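> Sequence first, predicted model second:
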Amino acid sequence: MPKPKVYCSHELFEEARKILDATCDVEYWTPAERPAREEVLRRVRDKEGLVCLLTEKVDEGLLRAAPKLRIAANVAVGFDNIDVAACTKRGVVATNTPGVLDETTADFAWTLLMAVARRLGEGEQLARSGNWKGWNLDQLCGADIWGRRWGLWGWADWPGGGAAGVGLQHEVIYTDAVRAPQDAEKPVNATFQDMNTLLAEADFISLHVPLLAETRGLFDTPKFFG
Ligand SMILES: NC(=O)c1ccc[n+]([C@@H]2O[C@H](COP(=O)([O-])OP(=O)(O)OC[C@H]3O[C@@H](n4cnc5c(N)ncnc54)[C@H](O)[C@@H]3O)[C@@H](O)[C@H]2O)c1
């Protein structure tokens, strides 16, 4: 029996590639840039499976172009790029990869907070520019995170209890559409507040809400600096 034909719009990590290649006849997109829409539509024409990224829109147009498609496997936590209703209507299974980057994203929230507080980007630019003239007492001092108050917009249920995890003796205040359970708040010294309190009292604020109609544009420049 011939293997099912699959189009993979990107190269896979070796482990995943081995599994897929063992059972499917896979065509991979290998150039560094993302494939154009027309390219994807052309490639999926005779395929039963599609492995894609969030850069590929799996919508009515793509489903029409791929009449044999049985599955669209999104290598992404979210699925904003997939018209799930259209897939359901045509009996195409849509899958995603929830949870695989939660720890990574929590790490990165910390990385960005540290980078902003400690003015890392400016320091690096200065060092690379060749214009650094030597050390000075108040040079790129930045701000301490130790003992300060971190405001979270969106609790986000990440490992360690909320996006903040266990931090540097800092206090966490957060606002969210849904309050986290108290036994999750306690280990990270977190207190639920409304948005105005968050804006008034936090020393640093980070955003962890999904991009939705009700969150788009809600956190604007006046909120940061007003
Ligand atoms: N988890 C990942 O792998 C990942 C990867 C890249 C980027 N991100 C981004 O990180 C952020 C958090 O992701 P997550 O996976 O932890 O999401 P999540 O769904 O677990 O958490 C989102 C939080 O936002 C809250 N929320 C939703 N709408 C709200 C509103 N209108 N007002 C206030 N709070 C609201 C939810 O109650 C929830 O606590 C998102 O912006 C997401 O796009 C996540």
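Looks like it came in fine.

> so how far is residue 4 from the closest residue to residue 189 other than its chain neighbours?
Spatial nearest neighbour of residue 189, chain neighbours left out: residue 171 (5.5 Å); criterion: C-beta to C-beta, 6 or more residues apart in numbering. Bear in mind the C-beta positions are built from the backbone N, C-alpha and C, glycine included. Per C-beta to C-beta, to the nearest Å, residue 171 is found 54 Å from residue 4.

> and if you look at residue 53?
20 Å.

> Any part of the top helix by length along the chain near the ligand?
Secondary structure of the chain per DSSP state H: the longest helix is helix 102-117. Yes - residues of helix 102-117 contacting the ligand under C-beta under 6 Å from any ligand atom: 102, 105.

> likewise stretch 207-219?
Yes - with C-beta under 6 Å from any ligand atom as the criterion, the ligand is reached by stretch 207-219 at 208, 209, 210, 212, 214, 215.

> buried set for that stretch?
208, 209 (16 or more other C-beta atoms under 10 Å).

> Extract the C-alpha set from that stretch and format it as CSV.
Taking Å, rounded to 0.1, in the frame of the first residue of the first chain, the C-alpha atoms of stretch 207-219 are listed here in CSV:
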residue,chain,number,x,y,z
LEU,A,207,1.8,41.1,29.6
HIS,A,208,0.7,37.5,29.3
VAL,A,209,-2.8,37.7,27.9
PRO,A,210,-3.6,36.1,24.5
LEU,A,211,-4.2,38.5,21.6
LEU,A,212,-8.0,38.6,21.5
ALA,A,213,-10.6,41.2,20.3
GLU,A,214,-11.0,42.4,23.9
THR,A,215,-7.2,42.6,24.6
ARG,A,216,-6.0,44.1,21.3
GLY,A,217,-4.8,47.7,21.9
LEU,A,218,-6.0,47.6,25.6
PHE,A,219,-2.4,48.1,26.8
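
> Name the residues that touch that stretch?
Defining contact as C-beta atoms under 8 Å, 6 or more residues apart in numbering, one finds that stretch 207-219 is touched by 78, 80, 109, 152, 153, 154, 155, 156, 163, 176, 177.

> is it true that the third one touches residue 204?
It refers to residue 109. No - Residue 109 is not in contact with residue 204 according to C-beta atoms under 8 Å; the separation is 10.7 Å.

> Compare the two (neighbour count), which wins?
Ranked by neighbour count (other C-beta atoms under 10 Å), residue 109 and residue 204 place residue 109 first, with 19 against 15.

> which one of residue 171 and residue 4 has more residues nearby?
When neighbours are counted by other C-beta under 10 Å, residue 171 comes out ahead of the other of residue 171 and residue 4, with 18 against 15.

> measure the more buried one to residue 48 for me?
Taken as C-beta to C-beta, the span from residue 171 to residue 48 is 53 Å.

> likewise residue 105?
Distance from residue 105 to residue 48, by C-beta to C-beta: 32 Å.

> Also residue 215?
Residue 215 is 37 Å from residue 48, by C-beta to C-beta.

> swap in residue 150?
Taken as C-beta to C-beta, the span from residue 150 to residue 48 is 48 Å.

> One more: residue 59?
19 Å.

> Between the two, which has more neighbouring residues?
Set residue 59 next to residue 48 and count neighbours by other C-beta under 10 Å: residue 48 wins out with 18 against 13.

> my guess is the more buried one contacts residue 68, does it?
Yes - using C-beta under 8 Å, residue 48 is in contact with residue 68, at 5.3 Å.
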